[in-house]
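Peer 1: Mind looking at a prediction? Sequence and model below.
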Amino acid sequence: MGTIKIQNLSFKYDAMSHYIFEKVNLNIDEFWKLGFIGRNGRGKTTFLKLLQNAYDYEGTIESNLYFDYFPKRIQDKKQLVKDLVLTYSTLDDASFWKFEIEMPQLNLSDEILNRKFSTLSPGEQTKVLLALMFVEEGTFKLIDEPTNHLDIIGRDIVANYLEKKSGFIIVSHDKTIINQTVNHILSIDRSKIQLLKGDYDTWENKFKQDNLFEERKNFKLNKQIKSLHQTAERLNGWSNRAENEKSAEFYKGQHHVDIDKGFLGHKAAKLMKRSKNALKRVESSIEEKQGLLRNIDKNPKLTLNYEPFYHDNILTVNQLVLERCNRALIQNPISFNIKQGQQLVISGSNGTGKSSLLQAIRGAVINS
Ligand SMILES: Nc1ncnc2c1ncn2[C@@H]1O[C@H](COP(=O)(O)OP(=O)(O)O)[C@@H](O)[C@H]1O
Ligand SMILES: [Mg+2]
């Protein structure tokens with residue numbers, strides 16, 4: 001059985017001061033459907049590249065699998081799709097039917113085979129590259145963010161497609177697609193990389209529970225740290241007072257003989273020493289507890305430097321008709337109003353004119 005066995009993997013890019021991965025140990029099975037999740041910049045793409053030996057690393061990655069990566073870099077996008085499939089797969093004319101079997105599963109019509117790859121919509125290009133990957137038997141697929149260019153319908157089609165496949169790692173922020181297609185989750189955050197059996201919901205429940213546990217622990221630790229700080233302050237005060245008393249006795253002793261001088265000086269010195277030692281203990285206890293405080297990986301609150309704008313009405317679109325190549329993009333003219341503080345979602349399938357609408361608005365704003 002094929003496996004990926006990772007031992008003590010550590011990696012950082014040359015210019016980095018910290019490791020992206022540090023002593024990671026993982027075993028991945030060739031039949032797994034593994035969802036890889038984590039916020040941007042955590043190292044998901046880097047990990048997929050390391051599996052393909054793209055960079056030098058510390059530790060070992062042992063595997064008897066052949067890796068295939070999505071999205072494949074296509075050199076000549078002017079190629080016809082059919083030629084591209086023949087170029088980038090092991091298929092030939094006799095086995096080309098294998099690609100044709102995949103096409104309807106991704107809602108790709110035969111007609112695209114004779115079109116230049118560059119003329120396909122981004123969603124169609126995604127589907128062609130996925131089909132190209134899955135015609136290959138005996139490879140382990142590394143699928144990096146496949147839903148970026150897909151609309152809701154496209155995402156659904158790809159999710160249904162991947163649900164029937166196995167032997168892959170999929171990186172995605174799309175909770176629905178991960179839930180539908182995987183049976184294991186690899187999650188990466190600031191401090192750890194974690195593998196668990198289940199889907200996104202399984203991971204999320206565990207994540208929430210872990211965070212709650214950490215939050216309670218942090219709350220307790222913070223309370224203890226606060227009280228230790230107060231103790232430290234008190235001890236500091238005592239120690240300073242003892243020091244003052246001691247030197248006062250000393251200076252007093254310069255001028256006249258005082259039978260209690262030695263005794264008082266000795267007592268103050270002892271008190272000072274005791275409070276200094278206690279202070280040291282408290283300080284090291286604070287340090288230890290601060291080390292135990294966990295960095296909880298939450299989404300930071302988005303804050304904007306927001307200047308209230310004095311106009312209430314920000315944008316008015318009245319009876320807008322969008323055309324591309326003499327073809328009306330949207331059947332009925334569009335009218336809407338956006339007021340201060342409102343947010344508008346533009347939704348629709350690929351190719352219905354969402355970007356054209358934004359371009360038209362942008363043009364109107366620039367020209368106004
Ligand atoms: N070729 C590179 N050289 C230097 N730093 C890189 C390179 N590629 C990615 N990084 C950095 O490594 C970190 C992880 O990046 P990446 O693997 O792309 O994260 P993710 O895929 O999880 O968004 C980021 O801080 C990114 O800026
Ligand atoms: Mg990435």
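Peer 2: Yes, it's here. Ligands and ions are numbered 1, 2, ... in the order given.
Peer 1: Enumerate the residues of the stretch 1-150 of the chain near ligand 2.
Peer 2: In this structure, the stretch 1-150 of the chain approaches ligand 2 at residues K44, T45, judged by C-beta under 5 Å from the ion. C-beta coordinates here come from the backbone N, C-alpha and C atoms, glycine included.
Peer 1: Recalculate using a threshold of 6 Å.
Peer 2: Within the stretch 1-150 of the chain, the residues that sit near ligand 2 (C-beta under 6 Å from the ion) are K44, T45, D144.
Peer 1: Point out the ones among those residues that are inside strands.
Peer 2: Members of those lying in strands (criterion: DSSP state E): D144.
Peer 1: Just the element for S10, please.
Peer 2: Taking DSSP states H and E as the criterion, S10 maps to strand 3-11.
Peer 1: Buried ones in that strand, by neighbour count?
Peer 2: I4, I6, L9, F11 (16 or more other C-beta atoms under 10 Å).
Peer 1: Provide a list of residues in contact with the third one.
Peer 2: Going back to what we said before, that points to L9. Applying C-beta atoms under 8 Å, 6 or more residues apart in numbering, we find L9 in contact with F21, K23, V24, N25, L26, L50, Y57, E58, G59, T60, I61.
Peer 1: same thing with the last one?
Peer 2: With contacts defined as C-beta under 8 Å, 6+ apart, the neighbours of F11 are Y19, I20, F21, G43, T46, L50, Y55, Y57, E58.
Peer 1: sorry, back to before: report the mean per-residue pLDDT for the strand holding S10.
Peer 2: On average, the pLDDT along strand 3-11 is 96.
Peer 1: CA atoms only: put the helix or strand just after that strand into CSV for me.
Peer 2: Next helix or strand after strand 3-11 toward the C-terminus (DSSP H and E): strand 21-29. Written as CSV, here are the backbone C-alpha positions of strand 21-29 (Å, rounded to 0.1, in the frame of the first residue of the first chain):
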residue,chain,number,x,y,z
PHE,A,21,7.2,23.6,9.7
GLU,A,22,9.1,22.4,12.7
LYS,A,23,9.7,18.7,13.4
VAL,A,24,6.4,17.6,11.8
ASN,A,25,5.6,13.9,11.8
LEU,A,26,2.8,12.5,9.7
ASN,A,27,1.6,9.4,7.9
ILE,A,28,-0.7,9.7,5.0
ASP,A,29,-2.3,6.8,3.2
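Peer 1: What confidence value was assigned to K273?
Peer 2: Predicted confidence (pLDDT) at K273: the value is 84.
Peer 1: wait, I meant L212
Peer 2: We have a pLDDT of 87 for L212.
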